[in-house]
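1. coords please:
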Amino acid sequence: MSDFDLTGKVCIVTGAGRGIGRGMAEGLARHGATVVLTGRTRATLEEAAAAIGEQAIVQPADVSKEADVIALRDAVLARCGKIDVLVNNAGVNPILKTIERTSLQEWQDIIDVNLTGLFLCCKHIGSAIGEGGSVINVSSIAGHGGLLRSAPYCASKGGVELFTKALALDWAKRKVRVNALAPGWVDTDLTHGFLGHDVHGTRSLERTPLGRFGTPRDMAGGVIFLASDASAFITGHSLVIDGGWSAE
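-> Residues are numbered from 1 along each chain as shown. Okay, here's the model as predicted:
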């Protein structure tokens, strides 16, 4: 049996209806996992589940709402009997504004999903994971360095990075590993407009040493590794997958 085999594992992926989350869910399923797809929009979740097949379970939830997170946990435990892996991928994109033009509500919306939602999922779902389990918090290169006109987003992802390290220390005694995965620029339906922009996209591509943007499948490899026994001695780590962006 391969160290990357996830057969028999129950994995919850938040924000799994499209983009990076869907790519991660598909990758986990390819390696044998039962994957619970969660997010706010049932239609996109069901579309993703149809592509994955019988290993996919659809369970809509808004991670920024505590009652939804608790209901998600209870539904998965009732149906599957356990939770082995939690992938906290749900997030909202930067609004690309200076802080002077950012409203309190815009700030709060980003923090509610990117940071508070992750806290709620760890508190109520991660705490139900047994020995040998894995929590993977999706961060960003914005959690490792600043990006122009993205202060609230960078603040939220910086919070994800240190939350991950602190929780890894707390849960080491439970033998539950907690790591982060930090994508660089990934071409999805949410980022395609920005990455296709004559100025912004060209500059971002020029800054990426491997000469291309990432894909959701590129991110899947990292989450498979962190979810599997191949990373059994890794906790409190942030795996950066950015085509070399942060090497400069």
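2. can you list contacts of the longest strand seen in the chain?
-> Once the chain is assigned using DSSP state E, the strand that runs over the most residues is strand 177-183. Outside strand 177-183, the residues within contact range by CB atoms under 8 Å, 6 or more residues apart in numbering are 20, 122, 126, 133-141, 143-144, 157, 160-161, 164, 167-168, 171, 214, 219, 222-223, 226, 231-232, 234-242. To be clear about C-beta, it is placed using only N, CA and C from the backbone, and glycine gets the same treatment.
3. Ok, stretch 212-230 next?
-> With CB under 8 Å, 6+ apart, stretch 212-230 has contacts from 3-6, 9, 11, 19-20, 22-24, 26-28, 31, 33, 85, 87, 134, 136, 177, 179, 181, 183-188, 195, 204-205, 231, 234, 239, 241-243.
4. Quick check: end-to-end length of stretch 11-25?
-> End-to-end distance for stretch 11-25, by CA to CA, to the nearest Å: 8 Å.
5. Mark which of the contacts of stretch 212-230 are part of strands, please.
-> Per DSSP E, those map to strands at 11, 85, 87, 134, 136, 177, 179, 181, 183, 239, 241.
6. Which residues are in contact with the first one?
-> This points to Cys11. By CB under 8 Å, 6+ apart, the residues touching Cys11 are 25, 28, 33-36, 84-87, 227.
7. Make JSON lines from those and add pLDDT and neighbour count to it.
-> Output for these, formatted as JSON lines (pLDDT from 0 to 100; neighbours: other CB atoms under 10 Å):
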{"residue": "Ala25", "pLDDT": "98", "neighbour count": "34"}
{"residue": "Leu28", "pLDDT": "98", "neighbour count": "28"}
{"residue": "Ala33", "pLDDT": "98", "neighbour count": "25"}
{"residue": "Thr34", "pLDDT": "98", "neighbour count": "21"}
{"residue": "Val35", "pLDDT": "98", "neighbour count": "27"}
{"residue": "Val36", "pLDDT": "98", "neighbour count": "29"}
{"residue": "Asp84", "pLDDT": "98", "neighbour count": "20"}
{"residue": "Val85", "pLDDT": "98", "neighbour count": "25"}
{"residue": "Leu86", "pLDDT": "98", "neighbour count": "30"}
{"residue": "Val87", "pLDDT": "98", "neighbour count": "29"}
{"residue": "Ala227", "pLDDT": "98", "neighbour count": "29"}
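8. Distance to Ile57 added to those, as JSON lines?
-> Putting the contacts of Cys11 into JSON lines (distance: CB to CB, whole Å) gives the following:
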{"residue": "Ala25", "distance to Ile57": "10"}
{"residue": "Leu28", "distance to Ile57": "12"}
{"residue": "Ala33", "distance to Ile57": "11"}
{"residue": "Thr34", "distance to Ile57": "7"}
{"residue": "Val35", "distance to Ile57": "7"}
{"residue": "Val36", "distance to Ile57": "5"}
{"residue": "Asp84", "distance to Ile57": "14"}
{"residue": "Val85", "distance to Ile57": "13"}
{"residue": "Leu86", "distance to Ile57": "14"}
{"residue": "Val87", "distance to Ile57": "14"}
{"residue": "Ala227", "distance to Ile57": "16"}
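9. Cheers, nothing more for now.
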